[in-house]
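Enquirer: Quick check, what structure comes out for this input:
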Amino acid sequence: MYSMPFSLQKNKVIVAKCFIFLCLSYPAAQLFYTYSQNTIGTNPHKTIMGVTGEWGFICLLLSLLVSSLRRWLCLFLRALKVKFGRRLADWNWIIRCRRMIGLFCFFYASLHLAAYLWLDIGLDWEELYYDVKDRPFILVGISGWLILTLLALTSPNICMRKMGRYWRTLHRFVYLAAVLACLHFYWLAKLGDNRPVIFTLLLAILLLDRILFSTIFSNTLKDDGMEAKR
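Expert: Take a look at the predicted model:
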């Protein structure tokens, strides 16, 4: 069986991480630049909250997409009976970047929450109490952020080793965080804004993909030694 040299795998990971870091850092850098230059618009806090919230959701979807792409590539190459199908479909090098994408999701979600607390309500904790009480989408958004915080804190390899199988169970709560993000986006969006529908459809596709593989194709990939990581 063909085996990809470790140095090549390592180089791929480095290049992929640098590319992903630059791409996902750009929206925050551009937002900071426009804010510092006073060219962000007439309603800065709404713009900041909108951009950070949307990119947090995008990063969440991207982190789920990585595993789905690997699964389909494994299945496709197996169907073609490619000689080195397993290694060609071995996206471990890109899956190693999934943690970075997840941390970017937490980063943008935290900026989104910070913009609300600081720029929108001016760190008025009494107003926060009434907002959470009277505006359900605030409670839903904060609940989603708390889940992402827990996942970010337990993302290091040492946590994975210490927690064992419980780590995988805990990190499945990312699906709940994604659903809460959808609800938050729906309640927050203005009438005629189709972005929540698009994001929800993308999330539904990714969730259906996981259900499909867990019920139909999981044994096929196991038998061929190409079981995809969740």
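
Enquirer: What is the helix or strand hosting residue 48 packed up against?
Expert: Using DSSP states H and E, residue 48 sits in helix 44-79. With contacts defined as 3 or more Cβ pairs under 8 Å, 6 or more residues apart in numbering; DSSP states H and E, helix 44-79 has these neighbours: helix 6-36, helix 85-88, helix 92-95, helix 98-115, helix 174-188, helix 195-212, helix 218-223. Every residue, glycine included, has its C-beta placed from N, CA and C.

Enquirer: Return the most buried member of those.
Expert: Mean neighbour count (mean count of other Cβ atoms under 10 Å) peaks for helix 98-115 among these, with a mean of 21.

Enquirer: Next one: residue 94 from residue 171, what distance?
Expert: 18 Å (Cβ to Cβ, to the nearest Å).

Enquirer: what does residue 149 give?
Expert: Residue 149 is 13 Å from residue 171, by Cβ to Cβ.

Enquirer: Pick out whichever of the two has more residues nearby.
Expert: residue 171 (18 against 15; other Cβ atoms under 10 Å).

Enquirer: Quick check: phi and psi at the residue lying closest to the more buried one once chain neighbours are set aside.
Expert: Closest residue to residue 171 apart from its sequence neighbours, by Cβ to Cβ, 6 or more residues apart in numbering: residue 151 at 5.8 Å. When read as degrees, to the nearest 10, the backbone of residue 151 gives phi -70, psi -40.

Enquirer: what about the nearest residue to residue 167 once chain neighbours are set aside, is that helix, strand or coil?
Expert: Of all residues not flanking residue 167 in the chain, residue 160 sits nearest, at 4.8 Å (Cβ to Cβ, 6+ apart). Recorded secondary structure, residue 160: helix (DSSP: H, G, I helix; E, B strand; the rest coil).
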